[in-house]
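> dropping a prediction and its sequence here:
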Protein chains: 2
Amino acid sequence: MAKATRAAERREDALSRERIVDAAIALLDEEGEDGLTFRALATRLATGPGAIYWHIANKSELVVAASDAIVARALGEVPAVATPHQAIRRIALAVFEAVDAHPWVSAPLSRAPWQTATLQIFERIGRQVQALGVPGRAHFTSASALVSYILGVSVQNAAQGRALEPEVDRAAFLGTTAAQWKELDADEYPFTRTVAARLREHDDRAEFLAGIDLILTGVAASR
Amino acid sequence: MAKATRAAERREDALSRERIVDAAIALLDEEGEDGLTFRALATRLATGPGAIYWHIANKSELVVAASDAIVARALGEVPAVATPHQAIRRIALAVFEAVDAHPWVSAPLSRAPWQTATLQIFERIGRQVQALGVPGRAHFTSASALVSYILGVSVQNAAQGRALEPEVDRAAFLGTTAAQWKELDADEYPFTRTVAARLREHDDRAEFLAGIDLILTGVAASR
DNA sequence: ACCTGAACACCGTTCAAGT
DNA sequence: ACCTGAACACCGTTCAAGT
């Protein structure tokens, strides 16, 4: 190891990929997607914007690394449970809540497919699908469907949260949306108008898990 | 109607929201997401960038309007079919293929929830769910799950396509990915390694529709 | 090897001035 | 009412120069 490298490692304020990613996560959480700029990040790391490029290729790679870290952390905290069905629900919920807490994860998750984060979710879900005891040829399809659904809902939910003014609470928001839906054109939106009433008692997490159960029922039926 | 307005309407090169959105779609299709700038758009419309702001509030609204147009067009072309199950597959496939052909639709679709496009898909799917004859309380959950899945897969698939170099064909890409999956760490990715072989015979559309069938099986079981 | 920060080549958006 | 285009306030990224 070169002398210069060791010296840099010893300084606790030395730049590193890890420190940069951590600072990026903090910035994204505090200021939102638009808050992450190389200038703001450099200021936070007490350096110039150019320094970051020695450790990371570009902004896209930085955001992907940040989202990988969030997903890895979330999956690492999923507790072991008795049945594969329960395990799948736990993994799904962990992803949902991670994206809900860090809405900026949506962008890399839906922009960079089969990155580490997606692959980790796929792997974790896939193992439980295997454990369900369905035929081998159904494994890939079932795991893919579950992962697509999980990502789809999580991304949609995060967008919902982002669109909301912070001071508007969920109940008020659902009430407003329900009212809007009821005023839609009766010929164009008959279904939406009919289910608008149901929106008031809407529970995102419960609805999300109900969808998981729907898919798992379908998977079980393929036995 | 004011004289000035009528005069403008008569000139075939007069600016209008519709002409702007059409030009934006063309630009997005030809140059990709980064190709849409107010300067490029203004050049194409033979005007200055400021002129556009008279008709459209900002870039976000423009991209949402463009994606709404794409989805509306795609849904408008879905043929009527015999069974609700078949109809749901057709609607799903129409969305999938629209997003595949216009990958930039992904961004507004996953960023602006319950915009016109999402609502239209929800409505169309919902009507067919009603026709399936499941109990009323299951309508909302079933339609939501289907829409989330459809959007999830479509967005993920579009990202896949965008990541690919244009000259790399699908077969070669799947081969490379399968090879990469097989070289993953055996302890960390046992499932992914196992299903890697299946990737070579992977058919995106077939896999997508298999997922739809999975959910519909689950919906039917809730009767 | 790693850091600095000015500079480059862009953006979206605004706005005074025109017609 | 609608259009023009210069100007403002930013960006991500590069790179010569430093240590």
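Yes, it's here.
> excluding chain neighbours, what is closest to the residue positioned nearest the centre of chain A?
Within chain A, the residue whose C-alpha comes closest to the C-alpha centroid is residue A:99; the distance, by Cα atoms, centre = their mean, is 3.2 Å. Nearest-residue entry for residue A:99: residue A:154, 4.0 Å, with adjacent residues in sequence omitted and distances by Cβ to Cβ, 6 or more residues apart in numbering or on different chains. (Glycine included, C-beta is placed from N, CA and C.)
> quick check: longest helix in chain A by residues?
With residue count as the measure and DSSP state H as the assignment, chain A has helix A:136-163 as its longest helix.
> please identify the buried residues of that helix?
Taking 16 or more other Cβ atoms under 10 Å in any protein chain shown as the neighbour-count basis, helix A:136-163 is seen to contain the buried residues A:138-161.
> tell me, which of the residues you listed make contact with DNA strand C?
Among the buried residues of helix A:136-163, no residue is within reach of DNA strand C (Cβ under 7 Å from any atom of the strand).
> the residue of chain A found nearest chain B and residue B:129: what is the separation?
Among the residues of chain A, residue A:152 lies closest to chain B, at 2.3 Å counting by Cβ to the nearest Cβ. Taking Cβ to Cβ, to the nearest Å as the measure, residue A:152 and residue B:129 are separated by 17 Å.
> on that earlier part again, state the mean pLDDT of the longest helix of chain A.
Helix A:136-163 shows a mean pLDDT of 95 in the predicted model.
> quick one: buried residues of the following helix or strand past it?
Once helix A:136-163 ends, the next helix or strand along the chain (criterion: DSSP states H and E) is helix A:170-182. For helix A:170-182, a neighbour-count test (16+ other Cβ under 10 Å) marks A:173, A:174, A:177, A:178, A:181 as buried.
> alpha carbons only: can I get the helix or strand following helix A:170-182 in CSV?
Using DSSP H and E, the next helix or strand after helix A:170-182 towards the C-terminus is helix A:190-195. Provided in CSV are the C-alpha atoms of helix A:190-195 (Å, rounded to 0.1, in the frame of the first residue of the first chain):
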residue,chain,number,x,y,z
PRO,A,190,-68.1,4.8,-14.0
PHE,A,191,-65.9,2.4,-12.2
THR,A,192,-63.7,5.0,-10.5
ARG,A,193,-66.8,6.9,-9.4
THR,A,194,-68.2,3.7,-7.9
VAL,A,195,-65.1,2.8,-5.9
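> which parts of helix A:190-195 are buried?
The neighbour-count criterion (16+ other Cβ under 10 Å) identifies A:191, A:192, A:193, A:194, A:195 as the buried residues of helix A:190-195.
> of these, which is the nearest to DNA strand D?
DNA strand D lies nearest to residue A:192 out of the buried residues of helix A:190-195, by Cβ to the nearest atom of the strand, at 32.1 Å.
> touching, that closest one and residue B:120? I think so.
No. The pair residue A:192 and residue B:120 does not pass the contact test of Cβ atoms under 8 Å, sitting 9.4 Å apart.
> setting aside sequence neighbours, what's the nearest residue to residue A:24?
For residue A:24, the closest residue by Cβ to Cβ, 6+ apart turns out to be residue A:66, at 4.9 Å.
> just the pLDDT for the one you found.
Residue A:66 is assigned 98 on the pLDDT scale.
> any idea which element residue A:218 lies in?
helix A:204-221.
> which ones are touching the residue nearest to residue A:24?
Contact analysis of residue A:66 by Cβ atoms under 8 Å, 6 or more residues apart in numbering or on different chains lists A:21, A:24, A:25, A:28, A:104, A:105, A:108.
> how close does it sit to residue A:124?
Distance, residue A:66 to residue A:124, by Cβ to Cβ: 20 Å.
> what's the answer for residue A:192, then?
To residue A:124, residue A:192 is 35 Å away according to Cβ to Cβ.
> so who does residue A:186 touch?
Taking Cβ under 8 Å, 6+ apart as the test, what residue A:186 contacts is residue A:193.
> swap the cut-off to 6 Å and go again
Taking Cβ atoms under 6 Å, 6 or more residues apart in numbering or on different chains as the definition of contact, residue A:186 has no neighbours.
> returning to that earlier point: the residue nearest to the centre of chain A and residue A:158 touch, don't they?
Yes. The pair residue A:99 / residue A:158 is scored as a contact, 4.9 Å apart, by Cβ atoms under 6 Å.
> who's in contact with the residue in chain A that DNA strand C sits nearest to?
Using Cβ to the nearest atom of the strand, the point where chain A gets nearest to DNA strand C is residue A:50, with a distance of 1.3 Å. Listed by Cβ under 6 Å, 6+ apart, residue A:50 has no contact partners.
> which residues of chain A lie near DNA strand D?
Residues of chain A lying close to DNA strand D by Cβ under 7 Å from any atom of the strand are A:36, A:37, A:38, A:39, A:40, A:49, A:50, A:53, A:58, A:59, A:60.
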